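Novice: my questions concern the predicted model and sequence given below.
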Amino acid sequence: MLSKRLMAAWSFFDFCLLVAGVISLVFSFVWREPNLLLNLTFSTTDLNGGTVLGIILLATFVSSIVLIVQRGRTPLVILNWLLLLDGIAILGVGTYIWVFTLHERQNYHTVFGMQSDATKIEIQDTLRCCGYSNATDEVAFGGNFCPNAAAAMAANSFCVTPITKFADMTLNNVFSTIYGFMAIVIGLFLATMCVMKRRQEIERFEKIDAKRGGQGFV
């Protein structure tokens, strides 16, 4: 019989996998809601990646419940292959976001330039800046803070710093959290290996016991 401590450890990591899947899925939907800076920070690809990752982790959690109750070694081997795929997905999504942060100023220059004039004006009014890297770079005139070129030049405040500061903090937290999911996957993988090993020992002793006529060991 499997020890309670071993199954408690396995259950703990499996529950953490559930939490990781829920976090990934929920935030990928919540951050799609209208929010000026978050909508600027995250692309549709980022959010879709979070959605897919959440679905994969939740699917593995459901599969783990089905597989752990089955006897034999094969179901647990299948579970560990699923966990390996989870690890690849985690590394893929986390690394994609991390690589984007390596060139934030350049990347968000492109993102800012793709916004409509109305959105640029809203960003400029909110962050109290004019233009991206200077008063003429991707600037949109209008609103309260940058009504015209003269006001933009006089303000001498550009959007690159507040945009990248917010994006850097947000993206660093996101990819650090995603990489943190790897600890859960590794923990569950190792716990499953322990369960597999213990089951093999139990089955071996059961076979020996059966050969002895069910008399057990003296």
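Specialist: Noted; the coordinates are in hand. Everything numeric here is computed off the predicted structure, so don't read it as measured data.
Novice: contacts, neighbours, all on C-alpha from now
Specialist: Fine.
Novice: SS state for the closest residue to residue 113 other than its chain neighbours?
Specialist: Spatial nearest neighbour of residue 113, excluding adjacent residues (CA to CA, 6 or more residues apart in numbering): residue 138 at 5.8 Å. Secondary structure for residue 138, judged by DSSP: H, G, I helix; E, B strand; the rest coil, is coil.
Novice: so where's this structure uncertain?
Specialist: 1-2, 202-203, 205-218 (pLDDT under 70).
Novice: which residues does residue 145 contact?
Specialist: 124, 125, 128, 129, 130, 151, 152 (CA atoms under 8 Å, 6 or more residues apart in numbering).
Novice: switch the cut-off to 6 Å
Specialist: Residue 145 sits next to residue 125 when contact means CA atoms under 6 Å, 6 or more residues apart in numbering.
Novice: look up phi and psi at it.
Specialist: phi -90, psi -30 (degrees, to the nearest 10).
Novice: ok, residue 130 next?
Specialist: phi -130, psi 120.
Novice: for the protein, just list every one of the helices.
Specialist: Remark: helices assigned in the chain by DSSP state H are 4-30, 36-41, 44-68, 74-101, 104-113, 117-127, 149-155, 160-211.
Novice: how about these in a markdown table, adding mean neighbour count?
Specialist: Shown next, in a markdown table, are those (neighbours: other CA atoms under 10 Å):
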| stretch | mean neighbour count |
| --- | --- |
| helix 4-30 | 17 |
| helix 36-41 | 15 |
| helix 44-68 | 18 |
| helix 74-101 | 18 |
| helix 104-113 | 16 |
| helix 117-127 | 19 |
| helix 149-155 | 15 |
| helix 160-211 | 17 |
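Novice: report the separation between residue 86 and residue 34.
Specialist: 30 Å (CA to CA, to the nearest Å).
Novice: same list (the helices of the chain) but as CSV, adding distance to residue 142.
Specialist: Below are the helices of the chain laid out as CSV (distance: least, CA to CA, whole Å):
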stretch, distance to residue 142
helix 4-30, 30
helix 36-41, 17
helix 44-68, 28
helix 74-101, 30
helix 104-113, 16
helix 117-127, 6
helix 149-155, 10
helix 160-211, 19
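Novice: okay, now residue 116: neighbour count?
Specialist: Number of residues near residue 116 (other CA atoms under 10 Å) recorded here: 11.
Novice: check contacts around it.
Specialist: Counting by CA under 6 Å, 6+ apart, there are no residues that residue 116 touches.
Novice: centre-most residue in the chain?
Specialist: In the chain, the residue lying closest to the centroid (CA atoms, centre = their mean) is residue 178, at 3.6 Å.
Novice: residue contacts, that one?
Specialist: Counting by CA under 6 Å, 6+ apart, residue 178 has contacts residue 94.
Novice: again, only this time at 7 Å
Specialist: By CA atoms under 7 Å, 6 or more residues apart in numbering, the contact list for residue 178 reads 90, 94.
Novice: before we move on, what about residue 86?
Specialist: Here residue 86 is in contact with 56, 57 (CA under 7 Å, 6+ apart).
Novice: 7 is where my numbering starts, stick with that
Specialist: From this message on, residue numbering opens at 7, which makes the last subject residue 92.
Novice: from residue 37, how far out is it?
Specialist: Distance from residue 92 to residue 37, by CA to CA: 23 Å.
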